[in-house]
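Asker: model this:
(one chain, ligands or ions: 2)
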Amino acid sequence: MEKKQLLKQYFGYDSFREGQEVLIDSILEHRDVLGIMPTGAGKSLCYQIPALMLEGITLVISPLISLMKDQVEGLNQAGIHAAYLNSSLTPGQYRKALLFAREGRYPIIYVAPERLMTEEFLDFALHTRIAMVAVDEAHCVSQWGQDFRPSYLKITEFIEKLPVRPVVAAFTATATREVKEDIIDILMLREPTLMTTGFDRKNLYFGVMAPKDRYGAIKNYLDCHPGESGIVYCLTRKMVEEVCEKLEKDGFSVTKYHAGLKDGERKENQEDFIYDRSLVMVATNAFGMGIDKSNVRFVLHYGMPKNLESYYQEAGRAGRDGQPAECILFYNGQDVITNQFFIENNQDNQELDEVTRRIVAERDRERLRMMTFYCFTNDCLRDYILRYFGEYGSNYCGNCSNCLSQFEDVDVTEMAQAILGCVRECRQRYGMNVILETVHGADTAKIRGYRMNQNSFYGQLKTIPVYRLRQILQYLILKEYITPTNDEYAVLKLTEKAGVILEGQERMTMKLAKEQEHPARVKTGKGASGGQKGSKRALLSGEGFGEREEALFERLRQLRTQIAREEKVPPYIVFSDKTLTHMCMLKPETREAMLRVSGVGEHKYEKYGQRFLECILEERQKADMEGEL
Ligand code: ADP
Ligand code: MG
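Answerer: Ligands and ions are numbered 1, 2, ... in the order given. Predicted coordinates for the structure are as follows:
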């Protein structure tokens with residue numbers, strides 16, 4: 001079967017996402033690959049689909065039992081035979097799984113890296129045709145990252161033992177140069193096809209707030225988002241205990257996670273969260289690695305993390321299914337002090353010598369500063385994050401608390417006219433700085449030397465701050481009213497379009513940050529983002545999502561929970577939130593229509609399709625009856 005057909009039949013999706021096809025094609029041509037894509041981008045499909053097409057078995061190396069379990073359950077639900085081999089199996093189960101693998105029953109198996117060089121596994125591997133070794137979370141080979149696993153170093157040794165070298169495919173969401181080079185070197189990838197997609201997570205809303213009553217703000221947020229699953233990160237174990245206890249008293253479905261809990265309790269709490277038995281997880285940063293739960297609708301930070309790397313990783317656990325999700329940081333001045341304390345007393349650096357330790361601490365302090373600025377910037381928050389990671393954003397995303405509250409539409413026609421007029425009058429001979437200084441009325445030798453103080457627009461915009469004028473001028477360039485020459489002087493030239501503005505035939509508005517105090521500074525006691533119930537789904541789906549769809553969504557969600565209990569898998573493995581949303585919009589009443597829903601493959605249709613169809617039909621009849629009354 002062709003790759004597109006497999007995507008539809010097993011996974012129920014119509015098209016590939018950015019980067020997936022390139023990687024799949026490359027693997028099918030037996031070329032190594034390295035895919036660097038953000039969380040939720042869909043890296044798993046990049047090896048799962050070729051695994052179904054290549055002759056021989058695919059081994060997936062994954063660092064955590066929970067990740068393997070999740071993926072194997074997902075594949076089984078989609079109708080693909082898969083198994084995992086790790087320490088959670090009894091010796092009997094392990095042998096049986098290996099036997100089935102030998103018999104060629106699985107196109108794909110997941111293996112813990114510690115298993116690779118064991119006698120039993122090698123005996124299997126050396127006598128089986130292995131088509132591909134896929135290394136998930138490949139940054140675990142690098143000591144540069146936070147998640148280094150020595151056992152990942154065994155992967156190369158293992159591959160070298162195989163009689164025929166399989167294609168090697170590596171995947172990670174970590175983008176730093178050191179990690180990337182380490183992956184290529186240590187895994188000995190052969191001229192890999194590199195695929196790096198952007199780091200922007202468009203479905204995530206970013207917000208910063210500094211409420212007087214932090215607990216009240218969190219509670220208010222949860223009140224506004226009933227039935228949604230999310231994480232509340234706290235800086236310390238003590239805070240986790242406090243917040244969790246209060247929320248429990250206030251009647252929320254919560255659980256907790258931190259390194260101070262006993263193994264058993266931690267595991268149990270984690271499962272309660274994954275299976276939606278507890279909707280909200282209150283945790284320290286110890287929680288999250290290996291959590292692939294796709295329907296996390298919000299990540300709230302009760303306190304500012306130590307750097308943006310941690311923040312983006314933790315916040316990024318929201319919205320893996322691509323559905324709108326919210327990431328809100330509740331900031332308090334005390335957080336900086338707490339983090340400074342962590343830096344000065346970092347236990348991880350004990351074995352470093354004094355000089356190195358000082359360098360590391362200085363780097364950590366700088367990162368903390370950048371994190372603190374995030375809480376105070378008036379700029380677009382997404383833009384701030386992307387710039388921190390070395391990408392260019394656009395200065396306005398429209399989906400963060402700054403863009404939504406700090407920005408306003410401003411009519412800038414007069415200012416634009418003055419700038420354009422100034423450029424025209426000096427016969428388009430100067431660059432950006434001269435023009436800005438002129439309209440702002442700078443009294444400098446340079447301006448006098450160019451006689452720009454005689455330009456009739458000189459000083460006309462002296463009440464407007466220069467940074468504002470620069471933004472407007474940049475906007476004029478972006479919108480192609482002005483083009484700078486392509487040489488070192490970057491002289492500003494007017495385009496034909498400029499005339500419309502100059503002659504006043506068209507007005508010009510742009511989004512500009514409001515001249516007001518940032519909420520993180522004025523400390524309002526207001527609650528969190530005004531998200532009313534369901535607003536996020538409505539946001540994504542536009543007009544198609546009204547009250548009726550909300551009601552249907554609730555019904556379908558209940559059905560999903562029920563099925564998940566019967567199947568003993570997490571609800572999001574049955575269908576993702578995204579699939580349920582799509583179902584609410586299409587309201588399919590036939591098999592064909594149901595198969596058109598994104599995320600409904602044939603196998604899942606056979607298993608549950610009928611029950612969901614019935615549910616939709618019932619809701620329609622109910623709505624029709626209400627309509628007649
Ligand atoms: P990653 O490993 O990159 O973080 P996953 O492989 O876990 O991401 O995929 C995240 C989600 O995106 C999953 O729910 C998956 O089913 C979904 N997904 C992957 N590829 C597609 C696609 N082409 N169309 C729609 N959804 C997809
Ligand atoms: Mg993954």
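
Asker: use CA for all of it now, contacts and neighbours both
Answerer: Fine.

Asker: Who does residue 193 form a beta bridge with?
Answerer: Listed by DSSP bridges, the beta-bridge partners for residue 193 are residue 33.

Asker: wait, doesn't it sit right on residue 23?
Answerer: Yes: counting by Cα atoms under 8 Å, residue 23 is a contact partner of residue 193 at 7.2 Å.

Asker: tell me, what's touching those two both at once?
Answerer: A shared contact of residue 193 and residue 23, defined by Cα atoms under 8 Å, 6 or more residues apart in numbering, is any residue touching both; here these are residue 33.

Asker: How is this protein divided into domains?
Answerer: Structural domains annotated on the chain: 3-196, 204-388, 407-513, 540-625, as defined by automatic domain parsing.

Asker: Of these, which is nearest ligand 1?
Answerer: Within the domains of the chain, the stretch nearest ligand 1 is domain 3-196; the backing value is 3.5 Å (Cα to the nearest ligand atom).

Asker: average model confidence for that closest one?
Answerer: Across domain 3-196, pLDDT averages out at 93.

Asker: ends of it, how far apart?
Answerer: Using Cα to Cα, to the nearest Å, the span of domain 3-196 from its first residue to its last is 21 Å.

Asker: Same check on stretch 445-461?
Answerer: For stretch 445-461, the first-to-last residue distance is 20 Å (Cα to Cα).

Asker: Mind listing what's buried along it?
Answerer: Within stretch 445-461, the residues that count as buried by 16 or more other Cα atoms under 10 Å are 447, 452, 453, 455, 457, 458, 459, 460, 461.

Asker: same deal with stretch 55-69?
Answerer: For stretch 55-69, a neighbour-count test (16+ other Cα under 10 Å) marks 56-69 as buried.

Asker: Do any residues in it lie close to ligand 1?
Answerer: No: Stretch 55-69 does not reach ligand 1 (Cα under 6 Å from any ligand atom); its nearest approach is 9.5 Å.

Asker: Can you name the residues that contact the residue of the chain positioned farthest from its centre?
Answerer: The outermost residue of the chain, judged by C-alpha distance from the chain's mean C-alpha position using Cα atoms, centre = their mean, is residue 454 at 53.0 Å. The neighbourhood of residue 454, defined by Cα under 8 Å, 6+ apart, contains no residues.

Asker: Residue 40 too?
Answerer: Counted by Cα under 8 Å, 6+ apart, residue 40 has contacts 319, 320, 321, 322.

Asker: Looks to me like it is in a strand.
Answerer: No: according to DSSP: H, G, I helix; E, B strand; the rest coil, residue 40 belongs to no strand; its state is coil.

Asker: How much space separates it from residue 395?
Answerer: Separation of residue 40 from residue 395 (Cα to Cα) stands at 24 Å.

Asker: ok so, going back, neighbour count winner among residue 193 and residue 23?
Answerer: Neighbours of residue 193 and residue 23, each counted by other Cα atoms under 10 Å, are more numerous for residue 23; the result is 25 against 17.

Asker: pretty sure the more buried one contacts residue 192?
Answerer: No: using Cα under 8 Å, residue 23 makes no contact with residue 192, being 9.9 Å away.

Asker: so what's in contact with the two at the same time?
Answerer: With Cα under 8 Å, 6+ apart as the test, residue 23 and residue 192 both reach residue 33.

Asker: same for the longest helix along the chain, what does it pack against?
Answerer: Assignment by DSSP state H gives helix 354-376 as the longest helix of the chain. Other helices and strands packing on helix 354-376, by 3 or more Cα pairs under 8 Å, 6 or more residues apart in numbering; DSSP states H and E, are helix 308-315, helix 334-344, helix 519-522.

Asker: out of these, which comes closest to residue 211?
Answerer: The stretch from those with the least distance to residue 211 (Cα to Cα) is helix 519-522; that distance is 7.8 Å.

Asker: For the closest one, give the mean pLDDT please.
Answerer: On average, the pLDDT along helix 519-522 is 42.

Asker: For the closest residue to residue 199 other than its chain neighbours, grab phi and psi.
Answerer: Closest residue to residue 199 in three dimensions, ignoring its sequence neighbours and counting by Cα to Cα, 6 or more residues apart in numbering: residue 38, at 5.7 Å. Dihedral angles of residue 38 (phi, psi; degrees, to the nearest 10) stand at phi -70, psi 160.

Asker: Neighbours of residue 38, how many?
Answerer: Residue 38 has 21 neighbouring residues, counting by other Cα under 10 Å.

Asker: which residues does it contact?
Answerer: Residue 38 makes contacts with 172, 173, 174, 197, 198, 199, 200, 201, as judged by Cα under 8 Å, 6+ apart.

Asker: can you pull the contacts of the nearest residue to residue 209 once chain neighbours are set aside?
Answerer: In this structure, residue 209 finds its nearest non-sequential neighbour in residue 330, 4.9 Å apart by Cα to Cα, 6+ apart. With contact set as Cα under 8 Å, 6+ apart, residue 330 has these partners: 208, 209, 210, 211, 214, 300, 301, 302, 303, 304.

Asker: Tell me the bridge partners for residue 330.
Answerer: Beta-bridge partners of residue 330, counted by DSSP bridges, are residue 209, residue 302.

Asker: now, which of the contacts of residue 38 lie within strands?
Answerer: Within the contacts of residue 38, residues falling in strands by DSSP state E are residue 172.

Asker: Now, of the contacts of residue 38, which are buried?
Answerer: Of all the contacts of residue 38 considered here, the ones buried according to neighbour count by 16+ other Cα under 10 Å are 172, 173, 174, 197, 199, 200, 201.

Asker: Cool, thanks, signing off.
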